[in-house]
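Chemist: What follows is a predicted protein model with its sequence.
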Amino acid sequence: MAFLIYGKRTGKIEDGVPVYDKMFKALDYSGVRVTKLANAGTYATREDAQNIIDTRCKDYKEAGLCEYEIRKAK
């Protein structure tokens, strides 16, 4: 079973304006939102995906600028 990381921005400042997303979207390996699930980064286990969030996304998560979810791939 594969897992995907989903994320949404909750106030990141870009060009002096905070950016908010209404929906979670799948992320690729670089942390960029994708529109097709085929382009999303897949992880073998939930722990692998959580490790990526804990290491690469730590600063955004602690500052409250992004929210992340781990979901099973369809």
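Modeler: Alright, I've got the coordinates.
Chemist: what is the mean pLDDT for stretch 37-48?
Modeler: If you average the pLDDT over stretch 37-48, you get 95.
Chemist: For that stretch, C-alpha coordinates in PDB please.
Modeler: Extracted in PDB, the C-alpha atoms of stretch 37-48 (Å, rounded to 0.1, in the frame of the first residue of the first chain):
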ATOM      1  CA  LEU A  37      -2.300  12.100  -8.500                       C
ATOM      2  CA  ALA A  38       0.100  10.400 -11.100                       C
ATOM      3  CA  ASN A  39       2.500  13.300 -10.500                       C
ATOM      4  CA  ALA A  40       2.400  13.000  -6.700                       C
ATOM      5  CA  GLY A  41       5.200  11.600  -4.600                       C
ATOM      6  CA  THR A  42       4.400   8.100  -3.200                       C
ATOM      7  CA  TYR A  43       5.900   6.600  -0.100                       C
ATOM      8  CA  ALA A  44       6.000   2.900   0.900                       C
ATOM      9  CA  THR A  45       4.800   3.300   4.400                       C
ATOM     10  CA  ARG A  46       3.000   5.900   6.500                       C
ATOM     11  CA  GLU A  47       6.200   6.200   8.600                       C
ATOM     12  CA  ASP A  48       8.300   7.200   5.500                       C
END
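Chemist: which residues touch it?
Modeler: 2-5, 26-29, 34, 49, 52, 70, 73-74 (C-beta atoms under 8 Å, 6 or more residues apart in numbering). Using the backbone N, CA and C atoms, a C-beta is placed for each residue, glycine as well.
Chemist: tell me which residues of that stretch are tucked away?
Modeler: Buried residues in stretch 37-48, counted by 16 or more other C-beta atoms under 10 Å: 40-43.
Chemist: From those, which land in strands?
Modeler: For the buried residues of stretch 37-48, the ones inside strands are 42-43, with DSSP state E as the criterion.
Chemist: Could you dump the buried residues of stretch 37-48 into JSON lines with distance to Val17 added?
Modeler: What follows is those, written out as JSON lines (distance: C-beta to C-beta, whole Å):
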{"residue": "Ala40", "distance to Val17": "27"}
{"residue": "Gly41", "distance to Val17": "28"}
{"residue": "Thr42", "distance to Val17": "33"}
{"residue": "Tyr43", "distance to Val17": "32"}
